[in-house]
Each structure stands twice: as C-alpha cells, then as structure tokens.
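Q: what follows is a predicted protein model with its sequence.
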Amino acid sequence: MKKLNIIIVYNKEENKILMCKREKEPYKGKFNLVGGKVENGEDELHAAYRELNEETGITNDDIKITHFMDFEYRMQDMELEVYVGKLNKDVDLVEEVNKLYWIDKEENFFDVEKFAGEGNIGHMVKQVELYKDKLF
C-alpha cells in the first residue's frame, strides 16, 4: 500500500494554518496542506518531518508534530497519514515547488472550489480544533 502524509501546521499564535497552492494535478490551483510520499521502509514520523522540511524549510527544532489520524483509500491502495503541530517560533519559509500561504484558521476549509481534498481538509481542521488542548 502506498503511503502519503500531510501536515497541518499552525503558526505559534494558533490562528493560521500553513498551506500551499498546488502547481500540478491533482487539485492544480487549489490550496492544500503540505506533505508528500513515505518511502518504502522509511519511518513514518521521519518521513513527515522530512517532507515538511523539504517543502517549507521547517525543521524539528521549529515544531513538534503528532500523528493525528489516517485515511485509507482502498480503491487507490493508498493510506494518507495526517500529522499536526504548532510552530514554537516564527520561521522563514522556504518554498520547494508550491507557493506557501498562511490561511486564517476560520476560513471555510470545506470550500471545494478553493481547497483540495473534497472537504477532507475541513474535517481534519475541525477535528484538530476539538483536541488542540491535548495536541499543543
């Protein structure tokens, strides 16, 4: 089964979420969470930190991320691991491919015209908000 990860990154004030604007399909032109592929045999948490660093320049010194939930897409033979964390300081972002944006956490992440994932980003953010006292 192919594994992918995405990381919900809050700024240190917990009022914005880091997103990228997709440059290619799927979801070209829409906002998405950062993340990528887990390599065969790679530790999943290591893969999440690696992808976060590659796509944003954020390191494990800047944030502690927690494995929060998974989505299994059986018809696609794929698992999507969801991580979440809050920055412990301001950081200078380094874009890899996709342009990065801080989006207000009150945004309607269920808006499928603006955000990737058929509403899943909205669901994930709502779940994080329910448990953020335990996560942060």
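A: Perfect, thanks for sending it.

Q: what does the longest helix along the chain rub up against?
A: Determined from DSSP state H, the single longest helix within the chain is helix 120-135. Contacting residues not belonging to helix 120-135 are listed as 8, 14, 17, 32-33, 66, 68-69, 71, 82, 84-86, 105, 108-111, 115 [C-beta atoms under 8 Å, 6 or more residues apart in numbering]. C-betas here are computed from N, CA, C, even on glycine.

Q: now the buried members of those.
A: 8, 17, 32-33, 66, 68, 82, 84-86, 105, 109-110, 115 (16 or more other C-beta atoms under 10 Å).

Q: as JSON lines, the residues you listed with distance to residue 127 would be great.
A: Below are these laid out as JSON lines (distance: C-beta to C-beta, whole Å):
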{"residue": "8", "distance to residue 127": "10"}
{"residue": "17", "distance to residue 127": "13"}
{"residue": "32", "distance to residue 127": "17"}
{"residue": "33", "distance to residue 127": "13"}
{"residue": "66", "distance to residue 127": "12"}
{"residue": "68", "distance to residue 127": "7"}
{"residue": "82", "distance to residue 127": "9"}
{"residue": "84", "distance to residue 127": "9"}
{"residue": "85", "distance to residue 127": "14"}
{"residue": "86", "distance to residue 127": "15"}
{"residue": "105", "distance to residue 127": "13"}
{"residue": "109", "distance to residue 127": "11"}
{"residue": "110", "distance to residue 127": "13"}
{"residue": "115", "distance to residue 127": "16"}
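
Q: ok, which stretches of this protein are helices?
A: Using DSSP H, helices in the chain cover 44-56, 120-135.

Q: so of the contacts of helix 120-135, which ones are in strands?
A: Among the contacts of helix 120-135, DSSP state E puts 8, 17, 32, 66, 68-69, 71, 82, 84-86 in strands.
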